[in-house]
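# Generate a structure from the sequence data that follows.
(chains A and B)
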Protein chains: 2
Amino acid sequence: MISVVILGAGNVATHLFKAFSKTGQVSVIQWYNRSIDAIKPYKNEVEIIDNLSQLIEADLYILAVSDDTIKSLSSQLPFENRLVVHTSGAAGVYDIDKKHKRGVFYPLQTFSKTASINFADVPICIEALESTDYQLLKKIAKLIGSPTKKVNTDQRKVLHLAAVFVNNFTNQLYRVAHEITESEGAEFDLLKPLILETAKKVQDHSPYMAQTGPAKRNDKKTLKKHLKLLKDQHHTDIYNLLTSSIQRTHGRKKL
Amino acid sequence: MISVVILGAGNVATHLFKAFSKTGQVSVIQWYNRSIDAIKPYKNEVEIIDNLSQLIEADLYILAVSDDTIKSLSSQLPFENRLVVHTSGAAGVYDIDKKHKRGVFYPLQTFSKTASINFADVPICIEALESTDYQLLKKIAKLIGSPTKKVNTDQRKVLHLAAVFVNNFTNQLYRVAHEITESEGAEFDLLKPLILETAKKVQDHSPYMAQTGPAKRNDKKTLKKHLKLLKDQHHTDIYNLLTSSIQRTHGRKKL
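Next up is the predicted model:
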């Protein structure tokens, strides 16, 4: 049995707790949070604490806390030479205090409070300073069903940045589409199958090969028609920039 | 049995032909294309023609051709007062010559040459000038398993425009993510589950509710870190514009 202590009470902490509990081979022996209220619902399943001095020995301590907290929290831990990891995409492995054995256990996925998550769809990016620690982290990821990848800090940081493009920015394009359709009383819902198909297509094809549409074809008539339809300058700016981005990628001239 | 003639040989024409053939209740009795070579592979399944004078009587003629061709092709059809529809998102219903009964049968989805498509995932936007024609088009869509929606020309045009945002522009964000990850030797593949989850999330939540991330939180530290990582001015421009778009939607100040 691998013993784990979770620190933090956000979505990542909660989903990891639930996933570990299901394995039967990873035991969460304590759950710490600065404010105990957030983890009180779990008090019958795990020992909950809000005082670092109560921490007991474990194989692994997971800091599922905000980037800004990693440094100070890790230095306040009342022990040394044990394996401590954070779950951040943007923080360095050396943000963890050097008195510990250090590592990163970064789940590359979007977590929400309510929706349940299948960890088979959550690649875990692992970094560790020592090989035995790496093996332990890999084993734990496998036990919750996640694919794993050895990723150094520079690579993890660009993955975190790229995740903003494919998640936050993509979602904002959905939002703009929502605004555009609503403005004419058309149904955004009609776009949902296309949204899904677009995401499915790049599971098997590169985004380069998957591209279609008027920008790639340099279909000037349609591009003009679209620009005429756009009533919000902000939408027009996005249309122009992403059209020129596509044409840059596919070797067309700018608008 | 509903008799249909398809005109054109692109992806929409081909996928519709295959879908109709499976129904047993819609019979494609002729397939016309200006160049016969493109439809020769189907010569054992349907009468193929390249001369408009050979066209025979049918319940429905589907012009699955480029927007620019609709007007002239529809005027060249050697008959009148029969139901003629086009499949375009951007062309008006009146682009079809007025000697015909006119309509639109616009499948709102991305079609590729190779991948098979399930028409249950293809909403058909229907427009017709006469109610009986609308009913026939609706019936045909149901027979291939598609959901349908009555959509007027203005609504269809904004749906076509919005489709560019959720399909072409989203795919370009995937491409940028590909460029960013590759530049550090990180694997784009690690982002694929996140890409799919992002698309799945808005099937049940509005894009507004689904949004997360540093732009929405106005997490200035992370925004700065990301901007520092971006080496290509073009990527920086996209980052800045979409960050400010998110902050505009969610009531945050601009960067």
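# Strands of the stretch 51-200 of chain A, start to end?
For the stretch 51-200 of chain A, applying DSSP state E, counting those that start in this stretch gives strands covering A:60-63, A:83-86, A:101-107, A:124-128, A:148-150.
# Can you lay out those strands as a markdown table showing mean neighbour count?
(Glycine included, C-beta is placed from N, CA and C.) Below are the strands of the stretch 51-200 of chain A laid out as a markdown table (neighbours: other Cβ atoms under 10 Å in any protein chain shown):
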| stretch | mean neighbour count |
| --- | --- |
| strand A:60-63 | 25 |
| strand A:83-86 | 26 |
| strand A:101-107 | 23 |
| strand A:124-128 | 23 |
| strand A:148-150 | 17 |
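# nearest to chain B, of those?
Chain B sits nearest to strand A:148-150 of all the strands of the stretch 51-200 of chain A, at 5.9 Å, using Cβ to the nearest Cβ.
# domain parsing for chain A?
Following automatic domain parsing, chain A resolves into domains at A:2-151, A:156-249.
# So which of those is the most surrounded?
Comparing the domains of chain A by mean neighbour count (mean count of other Cβ atoms under 10 Å in any protein chain shown), domain A:156-249 ranks first with a mean of 20.
# Would you mind saying which of the strands of the stretch 51-200 of chain A lies nearest B:Ala163?
Evaluated over the strands of the stretch 51-200 of chain A, closeness to B:Ala163 peaks at strand A:101-107, with 31.9 Å, by Cβ to Cβ.
# Just checking: what are the partner strands of the closest one?
Here strand A:101-107 has these sheet partners by DSSP bridges: strand A:83-86 (parallel), strand A:124-128 (antiparallel).
# Of all those strands, which one is nearest A:Thr170?
strand A:124-128 (20.1 Å).
# Can I get that closest one in CSV, CA atoms only?
Output in CSV follows, covering the C-alpha atoms of strand A:124-128 (Å, rounded to 0.1, in the frame of the first residue of the first chain):
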residue,chain,number,x,y,z
ILE,A,124,0.0,12.9,-15.9
CYS,A,125,3.2,14.8,-16.6
ILE,A,126,5.8,13.6,-14.2
GLU,A,127,9.1,15.1,-13.1
ALA,A,128,11.3,13.9,-10.3
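# now it: mean pLDDT?
Strand A:124-128 comes out with an average pLDDT of 98.
# Please apply the same query to stretch A:235-243.
98.
# Say whether chain B is contacted by that stretch.
Yes: using Cβ under 8 Å from any Cβ of the partner chain, stretch A:235-243 reaches chain B at A:237-239, A:241-242.
# So which of those are in helices?
Secondary structure from DSSP state H places A:237-239, A:241-242 of the residues of stretch A:235-243 next to chain B in helices.
# now these as TSV including distance to A:Phe119?
Shown next, in TSV, are those (distance: Cβ to Cβ, whole Å):
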residue	distance to A:Phe119
A:Asp237	39
A:Ile238	34
A:Tyr239	38
A:Leu241	36
A:Leu242	33
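# ok, which pair from those is furthest apart?
Spatial extent of those (Cβ to Cβ) is set by the pair A:Asp237 and A:Leu242 at 9.6 Å.
# Double-check that A:Pro41 belongs to a helix.
Yes: assessed by DSSP: H, G, I helix; E, B strand; the rest coil, A:Pro41 belongs to a helix.
# Who are the contact partners of it?
Applying Cβ atoms under 8 Å, 6 or more residues apart in numbering or on different chains to A:Pro41 gives no contacts.
# From chain B, how far off is it?
Applying Cβ to the nearest Cβ, to the nearest Å, the value for A:Pro41 to chain B is 22 Å.
# List the contacts of stretch A:87-101.
By Cβ under 8 Å, 6+ apart, stretch A:87-101 touches A:12, A:16, A:61-64, A:67, A:70-71, A:74-75, A:77, A:80-86, A:102-108, A:125, A:127-130, A:133, A:153, A:156-157, A:159-160, A:163, B:222, B:225.
# Report the distance from it to the chain centre.
From the chain centre to the centre of stretch A:87-101 is a distance of 17 Å (Cα atoms, centre = their mean, to the nearest Å).
# Which residue does the stretch 1-150 of chain A have closest to chain B?
A:Asp121 (4.3 Å).
# For that residue, which non-adjacent residue is closest in space?
Spatial nearest neighbour of A:Asp121, excluding adjacent residues (Cβ to Cβ, 6 or more residues apart in numbering or on different chains): B:Pro193 at 4.3 Å.
# The one you found against A:Gln109, yeah?
Yes: B:Pro193 is in contact with A:Gln109 according to Cβ atoms under 8 Å; the separation is 6.2 Å.
# Can you say which helix or strand has the residue in chain A sticking out farthest from the centre in it?
The C-alpha centroid of chain A is most remote from A:Lys221, which lies 39.4 Å away (Cα atoms, centre = their mean). If you go by DSSP states H and E, A:Lys221 is part of helix A:220-229.
# name the helices or strands packed onto that helix?
In this structure, helix A:220-229 packs against helix A:214-217, helix A:233-249, helix B:67-76, helix B:153-163, with contacts taken as 3 or more Cβ pairs under 8 Å, 6 or more residues apart in numbering or on different chains; DSSP states H and E.
# mean confidence for it?
95.
# who does the closest residue to A:Glu127 other than its chain neighbours bridge with?
Nearest residue to A:Glu127, sequence neighbours excluded (Cβ to Cβ, 6+ apart): A:Val104, at 4.0 Å. On the basis of DSSP bridges, A:Val104 is bridged to A:His86, A:Glu127.
# ok so, going back, with distance to B:Asn51 added, can I get the domains of chain A in a markdown table?
Putting these into a markdown table (distance: least, Cβ to Cβ, whole Å) gives the following:
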| stretch | distance to B:Asn51 |
| --- | --- |
| domain A:2-151 | 53 |
| domain A:156-249 | 28 |
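# quick one on the thing from earlier: so the helix holding A:Lys221 versus helix B:153-163, what angle?
On the basis of axes from the mean of the first three to the mean of the last three Cα atoms, to 10 degrees, helix A:220-229 is oriented at 110 degrees to helix B:153-163.
# now could you export just the CA positions of helix A:220-229 as PDB?
Provided in PDB are the C-alpha atoms of helix A:220-229 (Å, rounded to 0.1, in the frame of the first residue of the first chain):
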ATOM      1  CA  LYS A 220     -12.100  36.100 -50.700                       C
ATOM      2  CA  LYS A 221     -15.800  36.400 -51.500                       C
ATOM      3  CA  THR A 222     -16.700  34.400 -48.300                       C
ATOM      4  CA  LEU A 223     -14.200  36.200 -46.200                       C
ATOM      5  CA  LYS A 224     -15.700  39.500 -47.300                       C
ATOM      6  CA  LYS A 225     -19.300  38.300 -46.700                       C
ATOM      7  CA  HIS A 226     -18.300  37.200 -43.200                       C
ATOM      8  CA  LEU A 227     -16.600  40.500 -42.300                       C
ATOM      9  CA  LYS A 228     -19.700  42.300 -43.500                       C
ATOM     10  CA  LEU A 229     -21.900  40.200 -41.200                       C
END
